[in-house]
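**Q** I would like the atomic coordinates for the input below:
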Amino acid sequence: MDYFSIPAGELGRDAKIPVYPLGDSGEVFYELALEMVNAIRANNAAGRRTVFICPVGPVGQYPIFVRLVNRERLDLHNCWFFNMDEYLGDDGTWIDAASPLSFRGFMARNVYGQIDADLLMPESQRVFPDPADPEKGDKLLESLGGPDICFGGIGINGHLAFNEAREDLTAAEFAALGTRVVALTPETRTANAIGDRGGAIDAMPKKAVTIGMRQILSAKKVRLGVFRDWHRAVVRQAAYGPVTAHFPASLLQDHPDAVIYTNSLAAGRPF
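**A** Got it, this is the predicted structure:
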């Protein structure tokens with residue numbers, strides 16, 4: 001695991017996924033927002049639809065995106081946003097959108113609710129994976145020609161969306177997984193509890209519905225942003241480590257157009 005010792009000044013050199021070290025987190029979020037706006041603008045000009053896979057984590061790009069959309073009067077009517085995932089309650093259904101943990105609630109309040117109504121796409125084009133019919137979103141995404149860009153971050157165990165690490169699958173088997181209900185690992189619940197529940201692991205959901213690795217890897221482009229202290233190790237393992245279902249982000253090493261943006265904190269050497 002010599003890649004953990006790569007110094008910040010050399011991060012990205014000979015990487016199997018391009019890594020772009022930036023300054024503060026705002027620069028990372030700006031790059032993600034600009035990718036969103038530029039793709040929509042170009043597709044609108046060409047009369048094409050725009051299809052994104054969108055995360056709730058990272059989220060710092062959304063205020064920038066909203067401001068640019070409203071300021072530039074950027075029409076979103078031909079856009080389709082597929083959110084990556086959502087937490088589930090013990091009954092296997094989406095948690096209440098009013099919960100501060102709900103990704104549906106976050107998008108409604110902080111993204112769709114902040115965009116001028118005359119620019120916003122119809123509600124039917126704001127898609128979340130359905131635990132009752134996981135294949136429905138996959139079929140819709142495929143019918144639209146697949147995602148133009150998948151945006152996201154990387155979990156502490158390398159997960160993309162909630163595609164949690166697996167030890168029982170080959171990389172190829174893992175890459176073929178579609179949208180499904182998953183049990184969240186202790187690592188994911190712990191990391192998310194620190195940021196969202198003041199460390200109350202037992203107050204975190206145990207299950208989620210997640211878009212599949214197949215859908216993520218089918219995107220024409222993948223753009224990830226990392227910015228936390230523990231991302232120091234994560235970004236190095238993703239970009240330099242072996243391709244394995246043990247660390248899902250490593251599968252992007254085989255993607256034709258994947259990029260990781262990192263702030264100066266996450267670019268630092270882990271140890």
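**Q** Identify all contacting residues around stretch 262-271.
**A** 4-8, 11, 19-25, 27-28, 225-229, 231-236 (CB atoms under 8 Å, 6 or more residues apart in numbering). Using the backbone N, CA and C atoms, a C-beta is placed for each residue, glycine as well.
**Q** try stretch 27-46
**A** Residues outside stretch 27-46 that contact it (CB under 8 Å, 6+ apart) are 20, 22, 49-50, 52, 58, 60-62, 64-65, 68-69, 72, 74-76, 78-79, 148-149, 151, 221, 223, 225-227, 261-263.
**Q** Check stretch 164-171 too.
**A** Contacts for stretch 164-171 (CB under 8 Å, 6+ apart): 155, 157-159, 174, 177, 182-185, 188, 243-248, 250-251.
**Q** Now with 7 Å, please.
**A** For stretch 164-171, the external contacting residues (CB atoms under 7 Å, 6 or more residues apart in numbering) are 157-159, 174, 182, 184-185, 188, 243-248, 251.
**Q** Could you give the average pLDDT over the helix or strand Glu35 falls within?
**A** Following DSSP states H and E, one finds Glu35 within helix 25-46. The average pLDDT within helix 25-46 is 98.
**Q** Would you mark the buried spots in that helix?
**A** Buried positions in helix 25-46, judged by neighbour count with 16 or more other CB atoms under 10 Å: 25, 27-33, 35-37, 39-40, 43-44.
**Q** Kindly indicate which of those residues lies nearest Arg197.
**A** Closest approach to Arg197 among those (CB to CB): Ser25, at 21.6 Å.
**Q** Show me what secondary structure element comes after the lowest-mean-pLDDT helix or strand in the chain.
**A** For the chain, the helix or strand with the lowest mean confidence is helix 186-196, at a mean of 94 (criterion: mean pLDDT, DSSP states H and E). Going down the chain from helix 186-196, the next helix or strand is strand 207-210, by DSSP H and E.
**Q** how distant is that next one from the center of its chain?
**A** How far strand 207-210 lies from its chain's middle: 14 Å, per CA atoms, centre = their mean, to the nearest Å.
**Q** coming back round to it: could you point out the helix or strand that follows the helix holding Glu35?
**A** strand 50-54.
**Q** mean confidence score for that next one?
**A** 98.
**Q** how about the helices in the stretch 151-271 of the chain?
**A** Using DSSP state H, counting those that start in this stretch, the helices found in the stretch 151-271 of the chain span residues 171-175, 186-196, 213-217, 231-240, 264-267.
**Q** CSV for the ones you listed, including mean neighbour count and distance to Thr93?
**A** Formatted as CSV, the helices of the stretch 151-271 of the chain follow (neighbours: other CB atoms under 10 Å; distance: least, CB to CB, whole Å):
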stretch, mean neighbour count, distance to Thr93
helix 171-175, 17, 26
helix 186-196, 16, 19
helix 213-217, 22, 21
helix 231-240, 24, 31
helix 264-267, 21, 35
